[in-house]
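Visitor: Build me a model from this:
(2 chains)
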Amino acid sequence: MKAALRLESITKTFPGGIIANHDISLEVYEGEIHSIIGENGAGKTTLMKIISGLLKPDKGKIYVYGREAKLSGPLDAISYKIGMVHQHFVLIPRFTVAENIVLGMEKKKGLNLDKEWINEHIRKISTRYGMEVDPTARIEEIPVGEKQKVEILKVLYRNANIIIFDEPTSVLSPEEIKELFKIFRLLIKNGKTILFISHKLKEVLEISDRITVLRKGMKVGTLLRTEATSNNLAEMMIGNKQRLIIQKEKGSSEKDKQFQIEDLEAKGSTLASSLKNISIKINSGEILGIAGVEGNGQETLVNTIIGIIPPSKGRIIFKGREMNKLTPIERREMGIGIIPSDRQKEGLLLRAPVKENCLLGYQYKKEYYRFGTFKEDYIYEISRKIVSEYDIQPPNIYTKAADLSGGNQQRLILGRELYHNPEFLIAVRPTRGLDLKSTIYIHNKLIEMKNKGTCILLISYDLDELTELSDKIAVIYEGKIIDSFINTESEKSKIRIGVALGGVKYEITETK
Amino acid sequence: MKLRKQNEFINIFTRGSALSSLFAITIAIIIILIVLLPMGISPKKAFHYTIKGCFGSLYNISEVLVKTTPLLLAGTGVAIAFRAGLFNIGIEGQILIGGLMAAYSGFQWNLPPIIHLITILLIGGMCGGLWILVPAYLKVKKGINEVITTLLMYYISIYLTHYLVVGPWKAPGLTPATPYIKHNAIFPLIIPNTRLHGGIIFAITLVILIAWIFKKTRMGFEIKAVGLNPIAAEYAGIKVNKIIYLSLFLSGVLGGLTGAVEIAGIHHRFFDQFSSGMGFDGITVALVGKNNPIGIIFSAIFFALIRTTNLEMAVSAGVPKYLSFLMEGIIVILVAFENIYQEKISQIMRRHIGDMDTD
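Guide: Numbering: from 1, shown residues only, chains lettered A, B, ... in the order given. Okay, here's the model as predicted:
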């Protein structure tokens, strides 16, 4: 088979001596979907940036269709027909779809954009690849899935033959992922070559022809799809077999430890995210998983529980006490902890040291003060404990939170919340964007808390996570709980969630 | 315990914050020395003027401290808002209002010694604080940027105070000024036959108190949290709007006090635009002092030294008085762009001090 792209011992060292890529050689065949997997920090993104001309390797050569390519900028990559679809979209919200697609390579008529030609051309490409988008719609008005299509069209408009997708599924719902994979197949059919970066094994196994595993900047190996299983890939990625989840124990139904919501209604930022008549109950030592597509009221639910949004109807009851009128601090004092969905935006003071982040959300606690002044030594001890117990790297409490990697930032939040022994923990997408090792770590910690008797509300888009951890699962759709059930068997639960995600309640009679 | 203290100390430098101010100051001094060369002033001579102008006599030393006082108060006022992520660019307005109201309560009322002084300081501070509540309200309720509103309130304060000193509160005579305040309302002098009054002690005490609040109390922590990340602060149960009101109010109080202390200590009456931009200087002081009260003490003294040196050069060598403004400008630009070179500096520092990651 012909190689569309060949890398020859690529090495890249960053200032400070961090080896991001070490002697990586790789062949990507024409017309294949080649997945690159590895944990966060394995060097995937660096490698992709080198291929797309954003970074220059210290050593090594790149061949595109057999020709040596000197890539010193994104424009060079375009001239070699290499395109990249970024993980975080690089689109201008105020511009239309068409304007974003042609930006930088505008087709002009006189001084103006040749809008007719452009719209026509975009329509042509988009129908060929099954990505119907309205070229005249503004980016700010279209959903996430569509935005990604615009990113792909941008690359296709530039005639790319080798397309790199950097973790494209991390922002998508399961439905949207399915659609993306359909697009992948159409792209391949039209002679394109795809490099797919991911750390989700299931997706990689579903779509790839071949899979290359990176670990700590080095290539571990390339497998054919037929040789790969999630077990051997995971082993290659993390290097050992620590995947054991702590045994789950049953919860208790003591009334005075329950968390309960009755007929809750609250206004969200959109109609779909406004809560309508929500009732849930979590027993002590139980994990309730909330499944649902983003924007269906999860955020409103969390904000209502912690007291940022006042409910318009209904009751929130914890340990037999109604919380509706309590301030956010009073609610925390009752023992509510939260792992927010966006660790950087909602959970941390990035420019403050780890030590101060260990205090955030618990600054109300009297034990931290003596005569109204911080007990420095005590806080120092506690931060040291959190850092060592949750293995935060580097183990320095004066490191700024911004300088920690994503996994360590999440450990910091987890450590902070768990250290204060919450009796009710809200975990929103607790493993978002984390590698396998950190994910396993966090899952184990959650189970540990559950076994200690904490009520846990787990909100996630990751069906594996939900079905692996939850005792009960509720599916939220347009602000309503449309289905809830006890999670006994993962595969069955997944199907049931899958149905409910689309707004339909699963009927037992329909399946046999 | 000892290890901890050391670590904290070094981390200040590896963070590059104090360093980038020192760097900015060094570069600015070098540029100014070059500018001075064609005027016939060698670096050696310039140094001589600094020594003579600032430390030549007891009176000169006292003048440096007199200039330090308002910079210290205004700089701290700006820093309180900065800490909460807010920019009180119109602190000059609060200085005018605070100064005017202090003068009014100083000439209008008759109170016993000390009590009268305390009263006019309180009035001045409170009025500065109330003056900024309008921008604070607009910020919280309507989301209007405080940079615009505090600046607009500054213009209102110029004309309001102008109206009052040429109109209803004007003292008889030619100058547009209020009557002199009562003797009991005047800050006592620390050194006789100089202008050095008790305001410097008041200011330093206040700054240390605020440093303590910043570092050691829940309020200080919450202000910082809101400044660094209001969303995370809200998730942490902090009432963000309350902190916005509180920090802007305190910032305004410090502004009002700046005016009141100048009236009670130096001018003893309010005249039109008496503040001559000390609020804007306060912004520079806060920037160079990195919003850290202790840093602000140093940066306020530094700028007072520059001013005094400049004055000495103007008198002895005919160097333009505006040189110190040029220097301030250079420093502000360098500090504002610190991100560009901060990373480099801290890298170099780390290489020399060693790896700080192991605790």
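
Visitor: tell me the contacts of A:S274?
Guide: A:E265, A:A266, A:K267, A:G268, A:G297, A:T300, A:G479 (Cβ atoms under 8 Å, 6 or more residues apart in numbering or on different chains). In this view, the C-beta of every residue, glycine as well, is placed from N, C-alpha and C.

Visitor: give me the number of residues near the nearest residue to the fifth one once chain neighbours are set aside?
Guide: What that stands for is A:G297. Nearest residue to A:G297 in three dimensions, chain neighbours excluded: A:G479, at 3.9 Å (Cβ to Cβ, 6 or more residues apart in numbering or on different chains). When counting by other Cβ atoms under 10 Å in any protein chain shown, one arrives at 27 neighbours for A:G479.

Visitor: residues in contact with A:G479?
Guide: Going by Cβ under 8 Å, 6+ apart, A:G479 touches A:G268, A:L271, A:A272, A:S273, A:S274, A:L275, A:K276, A:I278, A:N296, A:G297, A:T300.

Visitor: Would you mind listing what in the stretch 151-300 of chain B touches chain A?
Guide: Contact residues, the stretch 151-300 of chain B versus chain A (Cβ under 8 Å from any Cβ of the partner chain): B:212, B:215-218, B:221-222, B:224-225, B:228-229, B:231-239.

Visitor: of the residues you listed, buried ones?
Guide: Among those, those classed as buried by 16 or more other Cβ atoms under 10 Å in any protein chain shown are B:215-218, B:221-222, B:224-225, B:228-229, B:231-239.

Visitor: All the strands of the stretch 201-350 of chain A, in order from the start?
Guide: Here the stretch 201-350 of chain A has its strands, by DSSP state E, counting those that start in this stretch, at A:210-215, A:218-224, A:259-266, A:275-282, A:287-291, A:313-318, A:321-322, A:336-339.

Visitor: mind checking which of those is nearest chain B?
Guide: strand A:336-339 (6.5 Å; Cβ to the nearest Cβ).

Visitor: Now do the helix or strand just after that closest one, average pLDDT.
Guide: Counting by DSSP states H and E, the next helix or strand C-terminal to strand A:336-339 is helix A:354-357. Mean pLDDT, helix A:354-357: 94.

Visitor: Also stretch A:293-309?
Guide: Mean predicted lDDT for stretch A:293-309 stands at 91.

Visitor: mind giving me the domain split of the chain?
Guide: Since you didn't name a chain, this refers to chain A. As assigned by automatic domain parsing, chain A contains the domains A:3-238, A:257-335+A:424-512, A:346-421.

Visitor: my bad, the chain I had in mind was chain B
Guide: Using automatic domain parsing, the domains assigned to chain B come out as B:1-41+B:324-359, B:51-318.

Visitor: so how far is A:S274 from the residue nearest to A:G297?
Guide: Distance of A:G479 to A:S274, computed by Cβ to Cβ, to the nearest Å: 5 Å.

Visitor: so where's the chain shaky on pLDDT?
Guide: You didn't pick a chain, so chain A it is. Within chain A, the stretches with pLDDT under 70 are A:1, A:15-18, A:40-41, A:238-245, A:502-503, A:506-512.

Visitor: Wait, chain B was what I had in mind.
Guide: Counting by pLDDT under 70, the ranges of chain B that qualify are B:1-17, B:338-359.

Visitor: Centre-most residue in it?
Guide: Central residue of chain B (Cα atoms, centre = their mean): B:G75, 2.1 Å from the mean position.

Visitor: Count the neighbours of the closest residue to A:D471 other than its chain neighbours for me.
Guide: Once flanking residues are discounted, A:D471 sits nearest to A:E286: 4.7 Å by Cβ to Cβ, 6+ apart. Using other Cβ under 10 Å, A:E286 has 22 neighbouring residues.

Visitor: how about stretch B:264-279: buried residues?
Guide: Residues of stretch B:264-279 classed as buried: B:A264, B:G265, B:I266, B:H267, B:H268, B:R269, B:F270, B:F271, B:F274, B:S275, B:M278, B:G279 (neighbour count, 16+ other Cβ under 10 Å).

Visitor: and the residues you listed as TSV, adding secondary structure?
Guide: Below are the buried residues of stretch B:264-279 laid out as TSV (DSSP: H, G, I helix; E, B strand; the rest coil):
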residue	secondary structure
B:A264	helix
B:G265	helix
B:I266	helix
B:H267	helix
B:H268	coil
B:R269	coil
B:F270	coil
B:F271	strand
B:F274	coil
B:S275	coil
B:M278	helix
B:G279	helix
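
Visitor: and the two most separated of those residues?
Guide: Farthest apart among those by Cβ to Cβ are B:H268 and B:G279. That separation is 20.3 Å.

Visitor: Please give me every residue in contact with whichever residue of the stretch 51-200 of chain B sits closest to chain A.
Guide: When scored by Cβ to the nearest Cβ, the stretch 51-200 of chain B has B:G85 as its residue closest to chain A, at 10.9 Å. When contacts are counted by Cβ under 8 Å, 6+ apart, B:G85 touches B:V226, B:G227, B:L228, B:P230.
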